[in-house]
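Asks: just to be clear, the model below is a prediction. Sequence and coordinates:
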Amino acid sequence: MVRSFPNQILLKPLFNTFFMFSALEGTNAVMFARDVVESYVKDAPLPKIDKTSRFHQKLGVFVTLHTYPDHMLRGCIGIPEPIMPLNQAIIEAGTSVTHDPRFPPLQENELDSVIVEITLLTKPMPIVSDDPKNLLKKIIIGKDGLIIRYRGQSGLLLPQVPFEQGWDTEDFLMHLCLKAGLAPDAWFEKDAVISSFQGQIFTEIKPKGPIEEKITDDL
């Protein structure tokens, strides 16, 4: 069931992309993710897949959970590549985020104290650069998310992460490498493949409350 909230906050778009979702579509996506998370934790039937055309578009998506009100990460799982329709990707990510291996499984008594956030992703594209210094110039904090692939290892950080952590571009790349289980300077390696993507972010302000588009930069 698609729901909307009163007093919805409408913010300007983060950037112009071919898949730009409206405030209403973003609200529907977050609430669908919330329904998936709650149904899975309660061992109830999963919600029916949204029938609108936008939700049948193949798109990468991440579902993130934060505690409320202290806003600590409680889980973040996603489908980075546009390999399945968005509605199915939200189901996959929404069920998986309840047992993110970095945290204990989400319990039913936590549902009213977590906020749900989704990030809709553009297709990741390799950054072409013949020099690490040039690579640094091609990454925009607050706009670009990154993926590294090197020697069978991979790691991903969403666009909002370096903005929220106060990292510069070099910090961003270092933490990306660490996320992949690599040395912090692995991004210097000639065979390391760094890809970038962008994300449109929608989040609950409080558990089951109004939804806003999260703006990470004045782009």
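Replies: Nice, I can see it. Residues are numbered from 1 along each chain as shown.

Asks: excluding its backbone neighbours, what's nearest Thr27?
Replies: Once flanking residues are discounted, Thr27 sits nearest to Ile211: 4.6 Å by C-beta to C-beta, 6 or more residues apart in numbering. Where C-beta positions appear, they are placed from N, C-alpha and C, glycine not excepted.

Asks: Tyr40 now?
Replies: Nearest residue to Tyr40, sequence neighbours excluded (C-beta to C-beta, 6+ apart): Thr95, at 4.6 Å.

Asks: do the same with Glu92
Replies: Distance criterion C-beta to C-beta, 6+ apart; nearest residue to Glu92, sequence neighbours excluded, is Ile79 at 5.9 Å.

Asks: do the same with Cys177
Replies: Using C-beta to C-beta, 6+ apart, the closest residue to Cys177 is Ala186 (4.4 Å).

Asks: roughly how far apart are Thr52 and Gln165?
Replies: 35 Å (C-beta to C-beta, to the nearest Å).

Asks: sorry, slip of the keys, the one I care about is Met20.
Replies: Here Met20 is placed at a distance of 26 Å from Gln165 (C-beta to C-beta).

Asks: got it, and Arg74?
Replies: Look at Arg74 and Gln165: by C-beta to C-beta, they are 17 Å apart.

Asks: the spatially closest residue to Leu86 that is not a sequence neighbour: how many residues sit nearby?
Replies: Of all residues not flanking Leu86 in the chain, Leu59 sits nearest, at 4.4 Å (C-beta to C-beta, 6+ apart). Counted with other C-beta atoms under 10 Å, the neighbours of Leu59 add up to 25.

Asks: please tell me I have it right and Leu59 contacts Ile118.
Replies: No: at 10.6 Å, Leu59 does not count as touching Ile118 under the criterion of C-beta atoms under 8 Å.

Asks: on that earlier part again, the residue nearest to Glu92 pairs with what?
Replies: Val61 (DSSP bridges).

Asks: how about the contacts made by it?
Replies: By C-beta atoms under 8 Å, 6 or more residues apart in numbering, Ile79 lies in contact with 60-62, 89, 92-93.

Asks: does Leu173 touch Tyr150 like I think?
Replies: No: using C-beta under 8 Å, Leu173 and Tyr150 do not qualify as a contacting pair, with a distance of 11.9 Å.

Asks: of those two, which one has the most company?
Replies: Leu173 (26 against 19).

Asks: the more buried one: which element?
Replies: Taking DSSP states H and E as the definition, one finds Leu173 inside helix 169-179.

Asks: ok so, going back, who has more neighbours, Arg74 and Gln165?
Replies: Between Arg74 and Gln165, counting by other C-beta under 10 Å, Arg74 is the more crowded of the two (21 against 11).

Asks: gap between the closest residue to that one other than its chain neighbours and Trp187?
Replies: Nearest residue to Arg74, sequence neighbours excluded (C-beta to C-beta, 6+ apart): Leu65, at 4.0 Å. To Trp187, Leu65 is 28 Å away according to C-beta to C-beta.

Asks: settle it for me: which of the two has more neighbours?
Replies: Applying other C-beta under 10 Å to Leu65 and Trp187 shows that Leu65 carries more neighbours, namely 26 against 23.

Asks: buried ones in the helix or strand that that one is a member of?
Replies: According to DSSP H and E, Leu65 maps onto strand 60-67. Residues 60-66 are the ones in strand 60-67 that count as buried (16 or more other C-beta atoms under 10 Å).
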